[in-house]
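**Student:** Need a 3D model of the following:
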Amino acid sequence: MFEFSTLEGAMACFSQVGFIGQNNCIFYATTFLTGGGFVGGMQQAQNGRAWAGYLINVNENGIGIIPLDRTNNKIRVIMEDLTPRFDEFTYIPYQQLTEVKIKRAGLNSAVKHVIIKIANAPQYDLQVLTKEKKLAYHEQNFANFCSFYGKK
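**Tutor:** Okay, here's the model as predicted:
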């Protein structure tokens, strides 16, 4: 199975980049394609954020993001074909975080658009499914993330 299929595996991924806290909230995201897909994809690529997916850990130290790369050239990306890119890990301390927005993506309430704005850096535009069947830890952790950063 893939490296981050269990919470223990996901924690091991973040342990490799030294980003484990006391309270870890780990979930999976993909790039949110704005502007009709291709245009949004090009914009993400220009920002260096056109990865196939992301493993995100929010804890008391900030936000840690491990990009996930394809292990093959198939058009359809499935989770089992993703490999963590530890060399591309991004750490966002809370002092550099300017805003986190969570919006419903279109008519489907099961998909959320998460925008992470960082001071002096391109923002992350992410798409997150509220339920991810292959990741038992994802649903509860993302719900916790939404309750903290969602509309107050």
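**Student:** In this structure, what helix or strand scores lowest on average pLDDT?
**Tutor:** Least confident helix or strand of the chain, by mean pLDDT, DSSP states H and E, is helix 38-46 with a mean of 47.
**Student:** Give me the packing partners of the helix or strand following it, helices and strands only.
**Tutor:** Sequence order places strand 53-59 as the next helix or strand after helix 38-46, per DSSP states H and E. Counting by 3 or more CB pairs under 8 Å, 6 or more residues apart in numbering; DSSP states H and E, the packing neighbours recorded for strand 53-59 are helix 7-16, strand 25-31, strand 62-70, strand 121-129. Quick note: C-beta positions are derived from backbone N, CA and C, even for glycine.
**Student:** Low-confidence stretches in the chain?
**Tutor:** Counting by pLDDT under 70, the chain has low-confidence residues at 1, 34-49, 74-77, 151-152.
**Student:** Pull the residues that contact the lengthiest strand in the chain.
**Tutor:** For the chain, the strand that runs over the most residues, judged by DSSP state E, is strand 108-118. Residues from elsewhere that reach strand 108-118 (CB atoms under 8 Å, 6 or more residues apart in numbering): 29, 32, 63, 92, 96-105, 123-131, 142, 146.
**Student:** before we move on, the earlier item: which of the helices and strands packed on strand 53-59 sits most buried?
**Tutor:** Each of the helices and strands packed on strand 53-59 was scored by mean neighbour count; the highest is strand 25-31, a mean of 22, by mean count of other CB atoms under 10 Å.
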